[in-house]
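**Student:** Can you look at this prediction? I've put the sequence above it.
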Amino acid sequence: MAIPTVRVGVIGAGNVGAALVALLLDPTRRVALEDAATASLEVVAVAVNDPTKPRPGVPAALVTGDAAALAQHGDIDVLVEVAGGLAPAGDLIEAALRRGVSVVTANKALMAQRGTELARLAHAHGADLFYEAAVGGAVPILRALRTSLAGERIERVIGIVNGTTNFILSKMTDGGLDYDAALAEAQERGFAEADPRADVEGFDAAAKVLILASLAFGTELRDETISREGISSVRAFDVDFARKAGYVIKLLAVAQRHGEHGLSRSVYPALVPVDHPLAAVHGAMNAVFVEGTVAGPLMWLGPGAGGGPTATAVLGDILDAARNRVAQRHDVPFLVDDTLERVPAGELSSVYYVSLDVVDQPGVLAAVAGTFARHHVSIQSMEQSGVGEEARLSFVTHHAREADMAATVAELATLEAVDSIGARLRVIDGGA
Ligand SMILES: NC(=O)c1ccc[n+]([C@@H]2O[C@H](COP(=O)([O-])OP(=O)(O)OC[C@H]3O[C@@H](n4cnc5c(N)ncnc54)[C@H](OP(=O)(O)O)[C@@H]3O)[C@@H](O)[C@H]2O)c1
């Protein structure tokens, strides 16, 4: 029986795009792809910045330098955007959606900023907008939230969604490296960019937690700033303290429900108990841990980046979009829950780990403990280490309000007895 053809245009042939084209053109996959798409997939064009660059695996006849023409007039059913960046990717996607072309993208920055607007545009024009690869690379977490867990009430989502920072923190934990050495190794091995700020300062993870929260809780994807702390101030000493106390330090992307209508979304490095499933996520791997009211704890784990793994997630979306095209339907975007209210960061509470470089003299402990007490932060455990210039105090608190903790740290920094504040990290509870 003849099957319909779904025409696919691709923008971008870099790490992800080149791997995707290879998958789409692989003759050994043709039958499986046709079966899943209920159509024959035809790649009609691959748009790039520089069409003169040699591109092994991408047939020269498909390469074009005119992405705008492909998005605006190309005879295509599905446009795949794997170029990255906010512009011109946003305009290209918008142009395609306006003429009813379904779009598949891996662009987390764009989806975090304009996801809801573009999803509504897609719906208004009878098209799909899928972006599984935007979070967790090959890990199929967005589809799981969108379909399998659609009826579940989710309490919390915790992601290790940035492979670069997880690689660096794993090297600090297992290899005993300090931050600079671990970052240098990540750069040498291609896990970190020459300018690593988007990863190490948590911007990449922030875009991803916004996307996760939108599917888990129904928050809107629009230009929004959330509480974000990176890993560049995590010191070898803190990693070592955490290890001895039964924790590992991970950069977490956390979206959490508070009561009926409260919601928080943040990115921060935290101490994770070694027996928590997230503690076992090593190197550049990604994982998303979901706590459902009825389902209980669930976790997805896998390669969060890399051309091939990311391309498999893009391919899954293309197959979904193709199947919908053939059935003349499209997925309806999730509804935004406008009863949700952002809980002010200062109101959130957590257990904290605080380390201080202190002056090695009598009376220091009393001055420091008094400061904690004045701000209603109670101490669970304390450890004194080092002597002379290396003298340190490390505390684990009981649950404390973020605002109280911030006031404590601000006052500690003014004490003569305190040379510097080393770290102020949250400790996440078991959850497993
Ligand atoms: N790499 C990963 O592991 C990974 C994982 C998850 C998500 N993603 C996302 O996937 C997307 C692509 O990432 P990547 O690593 O494949 O990027 P990349 O290697 O830098 O490739 C970008 C590709 O897009 C092309 N391009 C850039 N601007 C263009 C424009 N204005 N018009 C036409 N083509 C343009 C480039 O052309 P030239 O080749 O001519 O320069 C290149 O082929 C990004 O949104 C990224 O965030 C990547």
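**Tutor:** Sure thing, it's come through. Numbering: from 1, shown residues only.

**Student:** alpha carbons only for contacts and neighbour counts from here, please
**Tutor:** Noted.

**Student:** what's the burial count for Ser349?
**Tutor:** 16 (other CA atoms under 10 Å).

**Student:** wouldn't it be in contact with Arg401 here?
**Tutor:** Yes. Between Ser349 and Arg401 there is a contact under CA atoms under 8 Å: 4.2 Å.

**Student:** Quick check: residues of this structure near the ligand?
**Tutor:** Counting by CA under 6 Å from any ligand atom, the residues of the chain lying close to the ligand are 11-17, 47-50, 67, 82-84, 88, 106-108, 133-134, 137, 305-307, 310.

**Student:** Quick check: PyMOL command selecting the buried ones in these.
**Tutor:** Per 16 or more other CA atoms under 10 Å, the buried members of the residues of the chain next to the ligand correspond to this PyMOL selection:
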select buried, resi 11+12+13+15+16+17+47+48+67+82+83+84+106+107+108+133+134+137+305+306+307+310
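
**Student:** Show only the entries of the residues of the chain next to the ligand found in helices.
**Tutor:** Members of the residues of the chain next to the ligand lying in helices (criterion: DSSP state H): 15-17, 67, 108, 307, 310.

**Student:** would you turn the residues you listed into CSV with distance to Val248 and pLDDT?
**Tutor:** Formatted as CSV, those follow (distance: CA to CA, whole Å; pLDDT from 0 to 100):
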residue, distance to Val248, pLDDT
Asn15, 31, 96
Val16, 31, 97
Gly17, 35, 98
Ala67, 45, 98
Lys108, 27, 98
Gly307, 29, 96
Thr310, 27, 97
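
**Student:** got those residues as TSV, with distance to Glu193 columns?
**Tutor:** As requested, these are exported to TSV (distance: CA to CA, whole Å):
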residue	distance to Glu193
Asn15	14
Val16	16
Gly17	19
Ala67	26
Lys108	17
Gly307	15
Thr310	17
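
**Student:** for the stretch 251-400 of the chain, what are the low-confidence residue spans?
**Tutor:** Of all residues in the stretch 251-400 of the chain, none has pLDDT under 70.

**Student:** actually the stretch 1-150 of the chain, sorry about that
**Tutor:** Residue ranges of the stretch 1-150 of the chain with pLDDT under 70: none are present.

**Student:** and with 90 instead?
**Tutor:** 1-2 (pLDDT under 90).

**Student:** in it, which spans are strands?
**Tutor:** Applying DSSP state E, counting those that start in this stretch to the stretch 1-150 of the chain gives strands spanning 5-11, 40-47, 63-64, 78-81, 102-105, 129-130.

**Student:** Dihedrals phi and psi, Pro273?
**Tutor:** Per-residue torsions, Pro273: phi -60, psi 140 (degrees, to the nearest 10).

**Student:** Check the burial of the spatially closest residue to it that is not a sequence neighbour by counting its neighbours.
**Tutor:** Distance criterion CA to CA, 6 or more residues apart in numbering; nearest residue to Pro273, sequence neighbours excluded, is Tyr247 at 4.4 Å. The number of residues packed near Tyr247 is 21, by other CA under 10 Å.

**Student:** Kind regards, and thank you for your time.
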